[in-house]
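# this one's structure only:
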């Protein structure tokens, strides 16, 4: 049966004919100019001066089935069900959206334009991306096995981490900046090895259900404006774009930082958990060859960035946490300059959970992106 092509974009992502991760950071060129910086707890958030407008196209949610009666009708030789308040592990299946390679990409790089196009422009395309449904794939539930996964081994991990933020606090810019972001910075320094510096440069709220911005234009620089879930399989930044970010946000330190280890770490958690609608899944990096990654230009008014989309290949292993709660923090890599670790990235995508109640509770979540640095002198000391 012929696979159905997908050309709709939920909130971003496009891929390009550059295949695989570059192994070195030297020689990459900055394509953007530095933004003003505002400090918080030793980190910095860029303050953009030029708004970027784009129409929000929410994904079409698949019909959710009624939740299965887990633990009902157990035989006497089966293990007893867990306590009522403890969720059970629940592997599931999903059909992901992958980039469909086009002959066009041999001569024209995949792109996505995130700004208004003048009406008199001869080119009116916002993107040249084509997506397709992959086969049905198993999504493994990590619940009860969280300790089996690590950033360097798999590209992701789950950390139990409470926050001083109440659910309503995530709509308060000051509380996000002065309470939540410092909490995450401290977590990274406590959890990861050899962290010398953390620079949080972005965060984004998302929500499902009847989206208030559906069909409207929004300012992508307003980090509290909720977007819909990202359904196409992707990485937020390409290796080249990570280096551009370092040069953009930390120009005075960039030459020193880029000689050490550079990681781009994403942190994702619900704000109204537990999650029932469109949970986020991540891929075990060791099961996805780098040549399946395709770079895509994302064109904004003030910055030309790049993301990575994924061509399907058999054998990808997907993972998620069923009923992920507010203190279940998903931490995963977008980039790691250390080519010696098994996992340097973890592609991700939201999916419609078949075991959700009908109707599911709409999901509210927040994702934070941080550049994490190990200084070259720290690496040198480790060698000795």
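Now that the structure is in, tell me what you want to look at. What you see is a predicted model; the values in this text were computed from it and never measured.
# so what's residue 160 bridging to?
Beta-bridge partners for residue 160, by DSSP bridges, are residue 328.
# and it, how far is that from residue 206?
According to Cβ to Cβ, to the nearest Å, residue 160 and residue 206 sit 22 Å apart. Yep, even glycine has a C-beta here, placed from its N, CA and C like the rest.
# Neighbour count for those two, which is higher?
residue 206 (23 against 9; other Cβ atoms under 10 Å).
# for that one, which residues make a bridge with it?
residue 227, residue 365.
# what's the average pLDDT for the helix or strand hosting residue 203?
In this structure, residue 203 sits in strand 197-207 according to DSSP states H and E. Per-region confidence: strand 197-207 scores 95 on mean pLDDT.
# how about it: buried residues?
By 16 or more other Cβ atoms under 10 Å, the buried positions in strand 197-207 come out as 197, 198, 199, 200, 201, 202, 203, 204, 205, 206, 207.
# Now render those as TSV, adding distance to residue 278.
Formatted as TSV, the buried residues of strand 197-207 follow (distance: Cβ to Cβ, whole Å):
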residue	distance to residue 278
197	34
198	29
199	29
200	25
201	25
202	21
203	19
204	15
205	14
206	9
207	9
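# closest to residue 89 among those?
residue 206 (24.9 Å; Cβ to Cβ).
# right, and residue 330 touches residue 268 too?
Yes: using Cβ atoms under 8 Å, residue 330 is in contact with residue 268, at 4.5 Å.
# Residues that sit against both of these two, list them.
Residues touching both residue 330 and residue 268 by Cβ atoms under 8 Å, 6 or more residues apart in numbering: residue 280.
# Give me the more crowded residue out of the two.
Set residue 330 next to residue 268 and count neighbours by other Cβ under 10 Å: residue 330 wins out with 26 against 21.
# dump the residue contacts of the more buried one.
156, 158, 267, 268, 269, 280, 282, 321, 324.
# Any stretches of the stretch 151-300 of the chain with poor pLDDT?
Low-confidence segments of the stretch 151-300 of the chain, defined by pLDDT under 70: 210-221.
# Sorry, slip of the keys, the one I care about is the stretch 1-150 of the chain.
Using pLDDT under 70, the stretch 1-150 of the chain drops low at 1-87.
# is it true that residue 259 lies in a helix?
No: under DSSP: H, G, I helix; E, B strand; the rest coil, residue 259 falls outside any helix and is assigned coil.
# Return the backbone torsion pair for it.
Note on residue 259: its backbone torsions stand at phi -90, psi -10 [degrees, to the nearest 10].
# same check, this time on residue 232
phi -70, psi 140.
# Make sure I have this right: residue 175 is in a helix.
Yes: assessed by three-state DSSP, residue 175 belongs to a helix.
# What number of neighbouring residues does it come out with?
That count, for residue 175 with other Cβ under 10 Å as the rule, works out to 16.
# Identify the spatial nearest neighbour of it, chain neighbours not counted.
residue 169 (4.4 Å; Cβ to Cβ, 6 or more residues apart in numbering).
# Surely that neighbour and residue 177 touch.
No: contact criterion Cβ under 8 Å: residue 169 and residue 177 do not qualify, at 11.2 Å.
# The two - which one has more neighbours?
Remark: of residue 169 and residue 177, residue 177 carries more neighbours, 19 against 15, as counted by other Cβ under 10 Å.
# hmm, back to that, let me know the secondary structure of the residue nearest to residue 175.
Criterion first, three-state DSSP; result for residue 169: helix.
# how much space is there between it and residue 160?
With Cβ to Cβ as the criterion, residue 169 and residue 160 are 20 Å apart.
# same deal with residue 382?
Distance from residue 382 to residue 160, by Cβ to Cβ: 28 Å.
# swap in residue 315?
Distance, residue 315 to residue 160, by Cβ to Cβ: 30 Å.
# How about residue 176?
21 Å.
# Over to residue 289?
Taken as Cβ to Cβ, the span from residue 289 to residue 160 is 32 Å.
# Equivalent analysis for residue 352, please.
26 Å.
# can you check residue 334 too?
Distance from residue 334 to residue 160, by Cβ to Cβ: 22 Å.
# Many thanks, I have nothing further to ask.
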